[in-house]
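Q: heads up, no residue letters with this:
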């Protein structure tokens, strides 16, 4: 996991309420449901307080006064209101569930849509586990805050307000004693809230790191087992989980300490109320039912404040999640459409790199003043040492990145004038590591062109050389490929990727080291499919196996971000330069593998025979 990214995402700002208001803003499209939800909660809470007032009347007007008719009348009202409260309770629980699901849906959809817009550079520096943590657990916590958290806050607020009103009605003098204790309780709550927030921010940061570690270990399980790294990975993972345990423990400890602190302050207030209420009862200034109701109202008021330990813990946890979600939603794509960008209609034409420079990091240039003109329909092969800039050239051409200096022109126009979709929808690409999506072979092929018919799909597979192996599978084109295509070999995945590109019928075709990990037979099939595809498109091929690029119109040797040599296969061989050295060395190595003269004589490969 990238420590630099952890630093970037380490939120240490004070809670100002902006995040909370932004979270509440998620409910705006569903304001009718929110109003109904809040009215239902307020009704249930208000009726709770009114039931306590009815209990006072039952004691004073019914039991103490011995008035049976009054007692029956009040009990009838009490029973009828219980039914009404039950109806409101059903509605607020139902509305909370519906509202929560809608918020989850909206938030995850917004995140997914935004992720589609972000540039490749964002994914290059952001671990997959961090993104997954935001889309899953973080959205869950934010949705819970908007629904059940809002429920707790509304219920608590209504309990306090209605209790204060009824206490003032019963005895304003006793009410003042309670009001004096409230500022102390709120001050204690705010101080605990600040400290709890810091710990839960740490918990969310470490949780994202743990998710990333899980993702890397699961996706890289073959490498881990091959290198025997299980124990080392477990030790590293233990450090991360230990840090999260400590942060969670501190947050839990503060939450646990908060409740008894509030209870101690509350007990002093209740003690003062009972003492002073007893004095007033002796002088007939308050009834027995009034004291009983007053103590109940104090409990109603104190319960939301005492429950703040739990509510604050959940709210701060959700707040930390909200900060991270909004950091993703606020991420600005480094490559985006210009205000007046338009669809060019076609990108088939002359392509020009005009003094292009590019760097992934400041002061570390990958390309420097790179210039090249490519004719329509021409096939360009890029060769050279690893890290020379070959993949960067095609990434810039596909507009995954944009030049830091210079221009790339298509048909004489700066390609930044075109929309991203207008360019990228007309490009076909086959990568060194092919990616297939979970589903069937047919579904993966159709991904190249969603409106393609079954006949077109099978025709594309035939042209790419994939049809033969597909038909030999048990279910043919309906054969599941597994997650990431792990049920197929690398060569089979490459052929399907090539067939997908053939189906898309791109105007610009790019092949990046597509034959480096396949056997000779599969390479021949891929080569056949490439030739079919390149007939009607401009092509760029990055290859280490130089035998696959002999037919390219021009071969360019790239070193240190610049053109070292350029020409056709025969021209470069005649020149006897760097391409010649690369080709003859690779050809010699291949011949040594195919034919070893010492094997015929019984000697060790590549070693002289021992002389007796």
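A: In hand now; what should we look at? These figures come from a predicted structure and were not determined experimentally.
Q: quick one: the strands in the stretch 451-600 of the chain?
A: Per DSSP state E, counting those that start in this stretch, the stretch 451-600 of the chain carries strands over the ranges 508-512, 538-542, 554-559, 562-567.
Q: can you put those strands in CSV and add mean pLDDT?
A: Listed next are the strands of the stretch 451-600 of the chain as CSV, based on pLDDT from 0 to 100:
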stretch, mean pLDDT
strand 508-512, 87
strand 538-542, 90
strand 554-559, 92
strand 562-567, 90
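Q: with mean neighbour count as added columns, please give those in TSV.
A: (C-beta placed from N, C-alpha, C; glycine too.) TSV is the format used below for the strands of the stretch 451-600 of the chain (neighbours: other Cβ atoms under 10 Å):
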stretch	mean neighbour count
strand 508-512	24
strand 538-542	25
strand 554-559	21
strand 562-567	16
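Q: give me the residue at the spatial middle of the chain.
A: The chain has residue 131 as the residue nearest its centroid, 2.8 Å off, counting by Cα atoms, centre = their mean.
Q: what helix or strand is that residue on?
A: Take DSSP states H and E as the rule and residue 131 turns out to sit in helix 128-133.
Q: ok so, going back, figure out which of the strands of the stretch 451-600 of the chain is closest to residue 150.
A: Closest to residue 150 of the strands of the stretch 451-600 of the chain is strand 508-512 (Cβ to Cβ; 50.1 Å).
Q: phi first, then psi, for residue 429.
A: phi -140, psi 140 (degrees, to the nearest 10).
Q: hey, what's the closest residue to it other than its chain neighbours bridged with?
A: Among residues not flanking residue 429 along the chain, residue 510 sits closest, at 4.6 Å (Cβ to Cβ, 6 or more residues apart in numbering). Per DSSP bridges, the residues bridged to residue 510 are residue 429, residue 540.
Q: just list the residues touching residue 510, thanks.
A: By Cβ atoms under 8 Å, 6 or more residues apart in numbering, the contact set of residue 510 is 394, 397, 398, 427, 428, 429, 430, 539, 540, 541, 542.
Q: so where's the stretch 301-450 of the chain shaky on pLDDT?
A: 306-310, 312-313 (pLDDT under 70).
Q: and the strands in the chain?
A: 351-361, 364-374, 379-383, 405-410, 413-414, 427-430, 508-512, 538-542, 554-559, 562-567 (DSSP state E).
Q: hang on, the earlier thing: distance to residue 17 for the strands of the stretch 451-600 of the chain - can I get that in JSON lines?
A: Converted to JSON lines, these look like this (distance: least, Cβ to Cβ, whole Å):
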{"stretch": "strand 508-512", "distance to residue 17": "49"}
{"stretch": "strand 538-542", "distance to residue 17": "52"}
{"stretch": "strand 554-559", "distance to residue 17": "54"}
{"stretch": "strand 562-567", "distance to residue 17": "54"}
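Q: quick one, which of these gets closest to residue 75.
A: Among the strands of the stretch 451-600 of the chain, strand 508-512 comes nearest to residue 75, with 81.3 Å by Cβ to Cβ.
Q: give me the angle between that closest one and strand 364-374.
A: Calculated by axes from the mean of the first three to the mean of the last three Cα atoms, to 10 degrees, strand 508-512 forms an angle of 140 degrees with strand 364-374.
Q: chain center to stretch 470-484: distance?
A: How far stretch 470-484 lies from its chain's middle: 30 Å, per Cα atoms, centre = their mean, to the nearest Å.
Q: including distance to residue 18, could the strands of the chain go into TSV?
A: Converted to TSV, the strands of the chain look like this (distance: least, Cβ to Cβ, whole Å):
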stretch	distance to residue 18
strand 351-361	32
strand 364-374	36
strand 379-383	49
strand 405-410	38
strand 413-414	39
strand 427-430	41
strand 508-512	44
strand 538-542	47
strand 554-559	48
strand 562-567	49
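Q: show me which helix runs longest in the chain.
A: helix 230-282 (DSSP state H).
Q: give the other helices and strands that that helix contacts.
A: helix 172-219, helix 288-306, helix 308-329 (3 or more Cβ pairs under 8 Å, 6 or more residues apart in numbering; DSSP states H and E).
Q: and the shortest one, which residues are buried?
A: What it means is helix 288-306. With burial defined by 16 or more other Cβ atoms under 10 Å, the residues of helix 288-306 counted as buried are 289-298, 300-306.
Q: what of stretch 453-467?
A: Within stretch 453-467, the residues that qualify as buried are 456, 457, 458, 459, 460, 461, 462, 463, 464, 465, 466, 467, counting by 16+ other Cβ under 10 Å.
Q: ok, residues contacting it?
A: 442, 445-446, 448-449, 452, 470, 477, 492, 495-496, 498-503, 525-526, 528-529, 532-533.
Q: again, only using 7 Å
A: Here stretch 453-467 makes contact (Cβ atoms under 7 Å, 6 or more residues apart in numbering) with 442, 445-446, 470, 495-496, 498-499, 502-503, 525-526, 528-529, 532.
Q: related to what we said a few turns ago, the helix holding residue 131 packs against which elements?
A: For helix 128-133, the packing partners by 3 or more Cβ pairs under 7 Å, 6 or more residues apart in numbering; DSSP states H and E come out as helix 172-219.
Q: quick one: mean pLDDT for the helix it packs on?
A: The average of the pLDDT scores along helix 172-219 is 76.
Q: quick check: angle from it to helix 308-329?
A: Going by the same axes, to 10 degrees, helix 172-219 makes 50 degrees with helix 308-329.
Q: show me what helix 172-219 is packed up against.
A: Judged by 3+ Cβ pairs under 7 Å, 6+ apart, the packing partners of helix 172-219 are helix 128-133, helix 150-170, helix 230-282, helix 288-306, helix 308-329.
Q: could you export these as JSON lines, including distance to residue 142?
A: As requested, these are exported to JSON lines (distance: least, Cβ to Cβ, whole Å):
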{"stretch": "helix 128-133", "distance to residue 142": "13"}
{"stretch": "helix 150-170", "distance to residue 142": "11"}
{"stretch": "helix 230-282", "distance to residue 142": "18"}
{"stretch": "helix 288-306", "distance to residue 142": "22"}
{"stretch": "helix 308-329", "distance to residue 142": "5"}
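Q: which of those helices sits closest to residue 582?
A: Of all the helices and strands packed on helix 172-219, helix 128-133 comes closest under Cβ to Cβ, at 35.5 Å.
Q: ramachandran angles for residue 553?
A: Dihedral pair for residue 553: phi -60, psi -40, per degrees, to the nearest 10.
Q: can you count the residues close to it?
A: The local packing of residue 553 (other Cβ atoms under 10 Å) involves 16 other residues.
Q: show me what contacts it?
A: Contacts for residue 553 (Cβ under 7 Å, 6+ apart) come out as 378, 379, 380, 568.
Q: mind checking how far the first one is from residue 583?
A: Residue 378 is 21 Å from residue 583, where distance means Cβ to Cβ, to the nearest Å.
Q: next: the last one.
A: When distance is defined by Cβ to Cβ, residue 568 is 13 Å away from residue 583.
Q: do the same with the second one
A: Applying Cβ to Cβ, the value for residue 379 to residue 583 is 17 Å.
Q: try residue 236
A: From residue 236 to residue 583 the distance is 44 Å (Cβ to Cβ).
Q: look at those two and report which has more neighbours.
A: A count of neighbours by other Cβ under 10 Å puts residue 583 above the other of residue 236 and residue 583, at 19 against 13.
Q: pretty sure the more buried one contacts residue 546?
A: Yes. With contact defined as Cβ atoms under 7 Å, residue 583 counts as touching residue 546 (5.0 Å).
Q: domain ranges for this protein?
A: Annotated domains of the chain cover 3-329, 340-425+540-594 [automatic domain parsing].
Q: wait, which of those is closest to residue 438?
A: Nearest to residue 438, of all those, is domain 3-329, at 14.1 Å by Cβ to Cβ.
Q: count of neighbours near residue 496?
A: 26.
Q: how many residues are close by residue 544?
A: 17.
Q: next up, phi/psi of it, please.
A: Residue 544 adopts backbone torsions of phi -100, psi -30, taken as degrees, to the nearest 10.
Q: ok, now how distant is it from residue 432?
A: From residue 544 across to residue 432, the span is 9 Å (Cβ to Cβ).
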